[in-house]
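S.K.: For reference, the sequence and a predicted model appear below.
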Number of protein chains: 8
Amino acid sequence: MLFKNGERIVFAGDSTTDSGRKRPYGEGLWDGVGNGYVRNIDSILSVLYPDQRFHITNVGCSGATSGAMLADWEQNVEACHPDWVFVMIGANDVWRQFDEPTLDHSKITPECYRANLEAVCERTIGKVKGMFIMSPFYMEANNADPMKMRMVEYAGIAREVAEKYGATWIDLQPAFDEHLQYRYPAYISWDRVHPNWVGSMIITREILKVIGADPLY
Amino acid sequence: MLFKNGERIVFAGDSTTDSGRKRPYGEGLWDGVGNGYVRNIDSILSVLYPDQRFHITNVGCSGATSGAMLADWEQNVEACHPDWVFVMIGANDVWRQFDEPTLDHSKITPECYRANLEAVCERTIGKVKGMFIMSPFYMEANNADPMKMRMVEYAGIAREVAEKYGATWIDLQPAFDEHLQYRYPAYISWDRVHPNWVGSMIITREILKVIGADPLY
Amino acid sequence: MLFKNGERIVFAGDSTTDSGRKRPYGEGLWDGVGNGYVRNIDSILSVLYPDQRFHITNVGCSGATSGAMLADWEQNVEACHPDWVFVMIGANDVWRQFDEPTLDHSKITPECYRANLEAVCERTIGKVKGMFIMSPFYMEANNADPMKMRMVEYAGIAREVAEKYGATWIDLQPAFDEHLQYRYPAYISWDRVHPNWVGSMIITREILKVIGADPLY
Amino acid sequence: MLFKNGERIVFAGDSTTDSGRKRPYGEGLWDGVGNGYVRNIDSILSVLYPDQRFHITNVGCSGATSGAMLADWEQNVEACHPDWVFVMIGANDVWRQFDEPTLDHSKITPECYRANLEAVCERTIGKVKGMFIMSPFYMEANNADPMKMRMVEYAGIAREVAEKYGATWIDLQPAFDEHLQYRYPAYISWDRVHPNWVGSMIITREILKVIGADPLY
Amino acid sequence: MLFKNGERIVFAGDSTTDSGRKRPYGEGLWDGVGNGYVRNIDSILSVLYPDQRFHITNVGCSGATSGAMLADWEQNVEACHPDWVFVMIGANDVWRQFDEPTLDHSKITPECYRANLEAVCERTIGKVKGMFIMSPFYMEANNADPMKMRMVEYAGIAREVAEKYGATWIDLQPAFDEHLQYRYPAYISWDRVHPNWVGSMIITREILKVIGADPLY
Amino acid sequence: MLFKNGERIVFAGDSTTDSGRKRPYGEGLWDGVGNGYVRNIDSILSVLYPDQRFHITNVGCSGATSGAMLADWEQNVEACHPDWVFVMIGANDVWRQFDEPTLDHSKITPECYRANLEAVCERTIGKVKGMFIMSPFYMEANNADPMKMRMVEYAGIAREVAEKYGATWIDLQPAFDEHLQYRYPAYISWDRVHPNWVGSMIITREILKVIGADPLY
Amino acid sequence: MLFKNGERIVFAGDSTTDSGRKRPYGEGLWDGVGNGYVRNIDSILSVLYPDQRFHITNVGCSGATSGAMLADWEQNVEACHPDWVFVMIGANDVWRQFDEPTLDHSKITPECYRANLEAVCERTIGKVKGMFIMSPFYMEANNADPMKMRMVEYAGIAREVAEKYGATWIDLQPAFDEHLQYRYPAYISWDRVHPNWVGSMIITREILKVIGADPLY
Amino acid sequence: MLFKNGERIVFAGDSTTDSGRKRPYGEGLWDGVGNGYVRNIDSILSVLYPDQRFHITNVGCSGATSGAMLADWEQNVEACHPDWVFVMIGANDVWRQFDEPTLDHSKITPECYRANLEAVCERTIGKVKGMFIMSPFYMEANNADPMKMRMVEYAGIAREVAEKYGATWIDLQPAFDEHLQYRYPAYISWDRVHPNWVGSMIITREILKVIGADPLY
């Protein structure tokens, strides 16, 4: 198990991370960590290690692109002085290219996405015990789907950035792809972008594997 | 793993089970199963067994005592023709004795609690593949606390009823007691009765053990 | 142009037709016909033929399957004594098979779908000047997508029923498929089922073609 | 067809244009362009030319007079760097003279109206590929009605300004007048100023004619 | 002054009378009589005759046609055992012919209007000390306006019914017409049907004349 | 009749004047002048003199004492450049002495009340065609009531200030006192301070007398 | 101290008793007994006698007259099988005569008031350990005030009924009158009928005296 | 009785004091002092001493720790120029250590608590006639409960600070402990921290003892 007693773990990202978290920092009582995968991580770690204190903070922001995340990095992440940082970003960078094709200004190109992610790494690696980059993903089984292809492209960029900076790479797309061999996307998401409680558990599982958590039951 | 493809599993109980489920039956899309432990069970089983269909239905009712649950058994549980039934009841039977001590009519005596639980078993055992009775519990570490003692007494009745009718007994109190060796009750519940997301995961874990679910990660 | 002065035209269907129409009958002032394709039809016909009175009524019901539509046929459609009836149903019959795969009771089989549509035709053909059956459709470009395939199968049933009873067949799927050669589904629908204002205009165009409306401009 | 791939078209005006558009710029998903004639233009162009990208932005402001529009021109229109600009203003300039006759300060005189429109043209003509001035209109059939006469006077000023600056003139009043030969004003507007969905389609038709759009069906 | 101490006066009609009155009977404290002309009558009579008790009840119903008023006559009017009855009805009978021209079922023909008014008189004259029929009116100066003409036609029917049954006729149209020589309709009504506070005072003045009230100041 | 065509009349005061007026200036459409006596004045003058324009503005502020009114005099009154000003203030100055006797800071002494009123007169007399000071009043019949006595004392101060500066004095207390010979205070006010619609008409009558309005009917 | 362990005490009355109590019976957690004098009684007795169980139930109904109270006596009071009953009624019987003088049907005459109270006594005395009749009261110092006089008249009737049936009489008017020697009515009530928290404590004190409660501090 | 006519008494603290008080200062009409123990003090003193003016102000702030109270001391307390100050703080300082154990930054250590309280005393003692420090308390009977122990530790610090500065010490914990010998915590509080109306009366009693109030009844 990677985390040690008293460490602070910050989760940054978009609406999939946010999930209704408390402002300005998603932590503490009354569902402060939101209602998505961070809630699952928080509750499972609490159940597994009641004798340890893990200070988990959700700073995901609904609608955020990699650019918006970078712009708020100081206030949202650095101000927390985290020991561990998780980042899952890029879904909105890609989505806007497909659902608002006529609006140029709301898009983030691959180059820009890479630059944003690298800027985040530059500012973070070395100051934290570890950084995790989770792939942006798309809950679509058809690999020839243009938005799926684009998302995979961006995930590839994220993986390259992770490797360049030595961040831990968590590839979520294969986990979803495997699930979608059996279930239709509508079962885990109403728009193939926002996971419901089943989709959130898939993310949860991948994170727990990577951090080496003990078995829950 | 106990459940087979296509089977229907019904969870009956009070607010801890209910957790904002959909009416009249807590199932299906948009958090239909509510936001508590049933959501956890539903999402973990879905993640583990995407090739299986488990029809999970939450019929918990906030505020219900064992008497209220019995009164609605036909409409809430039998109408579902479940293969498996989970029951967790008794917290309100006990609580009203302590938070409304001057009001006689809102209380359920031990005898009445036993009779209600037995009536539920009589109508159910034999018609389902299995019935699980989960202990009512109280998130209080002090075993000399009078409401804790009363809750344990009711849990004992529930265990005796389970044994008499051959229902599977799931004892939740020890799981909470162990957690409370490390954390204060306020961490998992604002009133020691309603579990928050951490408390819900403790229940989840005990259920997953009993049904023999595969490891999540 | 098919419709004559003073005739009543009723549109039945699910949420795509409903679009927030007035209850009990979707007609008259203040967006009574809802905010979807029926609004477009109503406004374009009004602009084209201000000297004619077309009594347009929207009786679409959000969430309706073919079974629900049949159950309300007397109250919603027959009570209107329509001259012309448009039906677009089946999306929910198919969708529930994919987004709630574990819940058996919310699904409509192909046989049941055919029977429901036939029952509606039996009760209507001969009493109206014309009946139009519009295909259920799915805003997905990938023809190998399982829900797309299922929707096409149901559309095929609808076409067979239309032919059997001499109803006019309006095939919407090709119209959407052509659009999706250029635009991604998310541009015209957030869930590939509910058309936004662009998707509604695609439906509008197909209907206007079939009824032989004069050019708008 | 006047517009070319990738061009940006901005619609400025009052509540008839606004129609509940998104802030600060009326564009993009979820009815961003509002619920009036701009929605019609946007959806019909999208249906006709799915292979082209027209960046349509609605910057109409409910209640705006020509003075208010001028005051916000930089922020609302110039900041968009439009290729094409549509302006429809003047209804409130006239209306306040009739519904608030005792309040001097809320009125815009003909001279002021002309000056405001000219100022807008001065700042815009030459920087855009084309500017369209649509007449303010009044949904009243009686040409001797004093507010109708006043509106026609202001429309005349608008036409003169359009001619002076070489903007394209779109005269909406005749389109409404023709419709009102058959239908009473209350059918297309509750107050003769705000068009409902039928009235919006009349505006839509005139714009589509002027820009040379292909037939819809 | 017509009314005597202790008498009950009931005002029946549509939204112009209703004006947000209390249910089921518009009387008593807290603006029980609504916010329109009945409020003015009630307050002026109270100021003039504090030593007299006039039991004023508003039973106007927003949206009511003459048919709806007749249907509720027993419950709304007869149950009050009034000494004096005021009726102002017909605006909706006429309006629906103009704002919903394509919907046949929402209209009341002149014959039907006459019959409804006569039925009301039959049931009332002889049982009350006096009945007043106020003309339906339209706040439109143009006498050639088709809805104005239609309203005047219905007002003529109302006058004939009043004469036939010996009810007192109060002609409101001339009062409004005179005002409209100076002010535009939008000044006293947003839709030419619902009077604002100025329009309500015009009605008030006509009623006060007819009942012979003392000067207010 | 005192007012001439085109003149502006401003009403300043507390909640009795305010009555829900529009902000920042209580004028214009949609009940802009509020729902109290100013509405009555506005509507009766409009009915009497449709050929004249009286620009009536309500700047009453709920809860205002004479001190608060003075503090906002520039913004609320002077900015309007009124021809005529009406002031009715003092009720809250007195009331706070009786309903919050233990709170010193919310009270205005007689000296302070006089000074505030004089300051208002100093700044206004000479710049307007006329200023009216209406007495604060209390809807209580018993002249020995301490709050009635206090209110009469403050009214006396107001009268003295009016005389000193040549403002027109409008004494409302006698008008209410006369009414209260016949009716109990609860009939015209729920707290003896805020007039209901009957109480508002009493104020209306006194103002109409003073300005020499023609008879309404 | 009059009450014994386990006894049930029911408070009947109007809004002064009701004070927002829970429905159908005002008891138990979360301010079930409302926010008025019953809350004070309940909390003081709980503080004084934590070792005793007094089952206190508030069945006051806002707006109730003696007639309404009688009509609901079975459901509200008898269904509780109380040991002790408190009644405070009559304020609305009197008030309606003053605030709605023109509405005959909302008034309760002295004879009717007496009859209602007697009917309540007939049905209750003998079945309970004790019945308390509290005087209706009016927070007005002036004994010549007509509503005060009327209230005192009704209080006199209540006292006579109490004496006739052997109920305990609690005269609240003198307690209020004494307080009003020092404070103005507006200090303890906004309308002289509904006591605020200070007024509620005056009632509380009188009840505690009568039941012989031990000193609080 | 300690307080003299005209003196001002300010109550500072957290949510137990706040109880929904008015902002910025909790005083005056309409439950300005909130709905908790300050309301009880205010109403009982008013009933006992109607001839005296005690200016009672509630400046409690929900959620406040000793640090937050200190930060607002100038604005909340000193600006009032109180004669007497009551302080009850520390519950949140302790609670956060138990319900948010993983969040370091929301906690106040014993040293910090002491320093905050001392800072408040430094600034206050000498400028007021008297200062009262009430113990933070926990409605838990079990003295071995860790949060109870911690609260008692903080109460001890508060007592030491009181003694050091000569403030009057009011120990609330024993009063609650005695009550809890008979009643379970859930009877007086849903979370053992926020007292309900019974719990508020226990605090009330202790304050009344200390200030030497006359008997209420």
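M.R.: In hand now; what should we look at?
S.K.: end-to-end on stretch A:18-25?
M.R.: With CA to CA, to the nearest Å as the measure, stretch A:18-25 spans 10 Å from end to end.
S.K.: Contacts made by it with the rest, please.
M.R.: When contacts are defined by CB atoms under 8 Å, 6 or more residues apart in numbering or on different chains, stretch A:18-25 is touched by residues A:26, A:28, A:30-39, A:57-62, A:75, A:80, A:200. The C-beta positions use only the backbone N, C-alpha and C, and glycine is treated the same way.
S.K.: burial measure for A:Q181, as a count.
M.R.: 9 (other CB atoms under 10 Å in any protein chain shown).
S.K.: which SS class is it?
M.R.: In three-state terms, and counting by DSSP: H, G, I helix; E, B strand; the rest coil, A:Q181 is coil.
S.K.: hang on, it packs against B:P50?
M.R.: Yes - between A:Q181 and B:P50 there is a contact under CB atoms under 8 Å: 7.4 Å.
S.K.: which residues of chain A score low on pLDDT?
M.R.: Scanning chain A for pLDDT under 70 picks out the ranges A:106.
S.K.: where along it do the helices fall?
M.R.: In chain A, the segments counted as helices under DSSP state H are A:15-18, A:37-48, A:66-71, A:73-76, A:91-99, A:110-124, A:146-165, A:173-179, A:185-188, A:197-211.
S.K.: In PDB, could you pull the C-alpha coordinates for stretch A:179-190?
M.R.: The C-alpha trace of stretch A:179-190 is given here as PDB (Å, rounded to 0.1, in the frame of the first residue of the first chain):
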ATOM      1  CA  HIS A 179     -16.800  -4.000 -19.400                       C
ATOM      2  CA  LEU A 180     -18.400  -2.900 -22.700                       C
ATOM      3  CA  GLN A 181     -17.800  -6.400 -24.100                       C
ATOM      4  CA  TYR A 182     -20.700  -7.400 -22.000                       C
ATOM      5  CA  ARG A 183     -22.800  -4.300 -21.300                       C
ATOM      6  CA  TYR A 184     -23.900  -1.500 -23.600                       C
ATOM      7  CA  PRO A 185     -22.500   2.000 -22.800                       C
ATOM      8  CA  ALA A 186     -26.000   3.300 -21.800                       C
ATOM      9  CA  TYR A 187     -25.800   1.000 -18.800                       C
ATOM     10  CA  ILE A 188     -22.900   2.800 -17.300                       C
ATOM     11  CA  SER A 189     -23.300   6.300 -18.700                       C
ATOM     12  CA  TRP A 190     -26.100   8.300 -20.200                       C
END
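S.K.: Show residues contacting it.
M.R.: Applying CB under 8 Å, 6+ apart, the set of residues contacting stretch A:179-190 is A:139-141, A:176, A:192, A:195-196, A:198-199, A:202, B:29, B:46-47, B:50-51, C:95, C:98-101, C:146-147, C:190-191.
S.K.: make it 7 Å
M.R.: A:139-141, A:192, A:195-196, A:198-199, A:202, B:50-51, C:95, C:98-99, C:101, C:146-147, C:191 (CB atoms under 7 Å, 6 or more residues apart in numbering or on different chains).
S.K.: List the buried residues of it.
M.R.: A:179-180, A:183-190 (16 or more other CB atoms under 10 Å in any protein chain shown).
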